[in-house]
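Participant: here is my input; please provide its structure:
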Amino acid sequence: MQVFSRFGRQLLRPTYGRRFAGVLEGGAVVKVGALAVAALGAAGYMAMSGPKVDIEAIKQEMRDRLDDEDYDDGSYGPLLVRLAWHSSGTYCKNTKTGGSNAAGMRYAPESNWGANAGLDVARDWCEPIKEKFPGISYADLWILAGNTAIEEMGGPELPFKVGRKDCSNDATKLPDGRLPDGDKFADHVREIFYRQGFNDQEIVALIAGGHALGRCHPDRSGFSGPWSRAPTTFSGEFFRELFENKWSHKKWDGPPQYEDPTGDLMMLETDMVMVTDPEFRKWSEIYYKDYDKFANDFASAWTKLTQNGFC
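Facilitator: Here you go, the predicted model:
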């Protein structure tokens, strides 16, 4: 597996549609939506409640530390995206519990959930930044880390709002099982994401955006391998691989997953339903053909995900 440095990602971005200041390299405009536009200015980084912190200084600190050739595929970016996602994906719209507020993953049992295995590395990565900028809460810090990672890996610019609170252990205990299992099917995917208030279109955008990045590790999720050959570049490669590659069940001692003919790439059961389920497939085909719409819809869905339980 080739390791991609920040320089390497710069070379890849024109191919995949790198968004920069609202324009794709090559001249195509990306519409990021009113929510993102309203928050891109400096005022968008300061909430009406909560401490004022120098968000740009924190983001620069994150950018400076993001790449590390000794870690995984050369970047902590995908891991930080997972941290932001898993700290937000516990939200339940019916009980109004969970979500990006509280930073409950600092405590057991949430820190020990199987779905959160390996995220101690991401939380530890954030610690020096928290020490340098103590005014930001852990809850805000984790979301900002995920946002910054996505942007630095070629994704759309994302709005951010300060004000999430860090709660005590007693106030953050949630039942396990609120995060998705990769070996399940369409009903499970809908159960997990409908609980958070997402529809099928948003589900496809989120899963494809998250799985455009990074890889699975046997010592964490049990699964193994990356979804694409550019695991540190946000792109539409997830859809290209899903539709254009050939997938078969991997023969191994691990949990059920798929592999391509080379054995280098993998897909999960929850990925394959993006083409086998008719409604999911409808949106997958739209995004496969239209990167700009995918990037725009992902930005909206990601912002909703990371504001659930906070706004």
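Participant: which stretches of the stretch 201-311 of the chain form helices?
Facilitator: For the stretch 201-311 of the chain, the helices defined by DSSP state H, counting those that start in this stretch cover 237-244, 269-276, 278-289, 291-307.
Participant: which of those helices is buried the deepest?
Facilitator: Comparing those by mean neighbour count (mean count of other CB atoms under 10 Å), helix 291-307 ranks first with a mean of 22. Heads up, the C-betas are built off the backbone N, CA and C, glycines and all.
Participant: now for that helix, which elements pack on it?
Facilitator: When contacts are defined as 3 or more CB pairs under 8 Å, 6 or more residues apart in numbering; DSSP states H and E, helix 291-307 sits against helix 33-39, helix 77-88, helix 138-152, helix 200-210, helix 278-289.
Participant: so which of those gets nearest Met267?
Facilitator: Met267 lies closest to helix 200-210 among those, at 10.9 Å (CB to CB).
Participant: so how far is that closest one from its chain's centroid?
Facilitator: With CA atoms, centre = their mean, to the nearest Å as the basis, helix 200-210 stands 10 Å off its chain's centre.
Participant: tabulate the helices and strands packed on helix 291-307 (TSV), appending distance to Arg63 and mean pLDDT.
Facilitator: Conversion of the helices and strands packed on helix 291-307 to TSV gives the following (distance: least, CB to CB, whole Å; pLDDT from 0 to 100):
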stretch	distance to Arg63	mean pLDDT
helix 33-39	19	39
helix 77-88	10	98
helix 138-152	6	98
helix 200-210	20	98
helix 278-289	28	98
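Participant: export these to CSV and tack on distance to Asn245?
Facilitator: Listed next are those as CSV, based on distance: least, CB to CB, whole Å:
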stretch, distance to Asn245
helix 33-39, 31
helix 77-88, 20
helix 138-152, 24
helix 200-210, 15
helix 278-289, 12
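Participant: quick one, which of the ones you listed is nearest to Pro180?
Facilitator: It is, among these and with distance given as CB to CB, helix 200-210, at 8.5 Å.
Participant: buried ones in that closest one?
Facilitator: For helix 200-210, burial by neighbour count (16 or more other CB atoms under 10 Å) applies to Asp200, Gln201, Glu202, Ile203, Val204, Ala205, Leu206, Ile207, Ala208, Gly209, Gly210.
Participant: so the fifth one makes contact with Val275?
Facilitator: It refers to Val204. No. With contacts counted by CB atoms under 8 Å, Val204 stays clear of Val275, the gap being 10.2 Å.
Participant: can you check which residues contact both of these two?
Facilitator: Residues touching both Val204 and Val275 (CB atoms under 8 Å, 6 or more residues apart in numbering): Ser284.
Participant: so where's the stretch 101-250 of the chain uncertain?
Facilitator: Within the stretch 101-250 of the chain, the segments meeting pLDDT under 70 span 171.
Participant: let's go with 80 and repeat that
Facilitator: 170-172 (pLDDT under 80).
Participant: okay, now Val53: neighbour count?
Facilitator: 20 (other CB atoms under 10 Å).
Participant: repeat for Glu69
Facilitator: Neighbourhood size, Glu69 [other CB under 10 Å]: 10.
Participant: same thing with Lys173?
Facilitator: Around Lys173 there are 13 residues (other CB under 10 Å).
Participant: from Met266, how far off is the nearest residue to Ser88 once chain neighbours are set aside?
Facilitator: Nearest non-adjacent residue to Ser88, counting by CB to CB, 6 or more residues apart in numbering: Ser100, 4.2 Å away. Distance of Ser100 to Met266, given as CB to CB, to the nearest Å: 28 Å.
Participant: same check on Leu242?
Facilitator: 12 Å.
Participant: before we move on, the earlier item: of the helices of the stretch 201-311 of the chain, which approaches Glu69 most closely?
Facilitator: helix 237-244 (21.6 Å).
Participant: with just CA atoms, put the closest one into PDB.
Facilitator: The C-alpha trace of helix 237-244 is given here as PDB (Å, rounded to 0.1, in the frame of the first residue of the first chain):
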ATOM      1  CA  GLU A 237     -13.200   7.000  -4.900                       C
ATOM      2  CA  PHE A 238     -15.600   5.100  -2.600                       C
ATOM      3  CA  PHE A 239     -18.300   5.200  -5.200                       C
ATOM      4  CA  ARG A 240     -15.900   4.500  -8.100                       C
ATOM      5  CA  GLU A 241     -14.500   1.400  -6.300                       C
ATOM      6  CA  LEU A 242     -18.000   0.200  -5.300                       C
ATOM      7  CA  PHE A 243     -19.400   0.400  -8.800                       C
ATOM      8  CA  GLU A 244     -16.400  -0.400 -11.000                       C
END
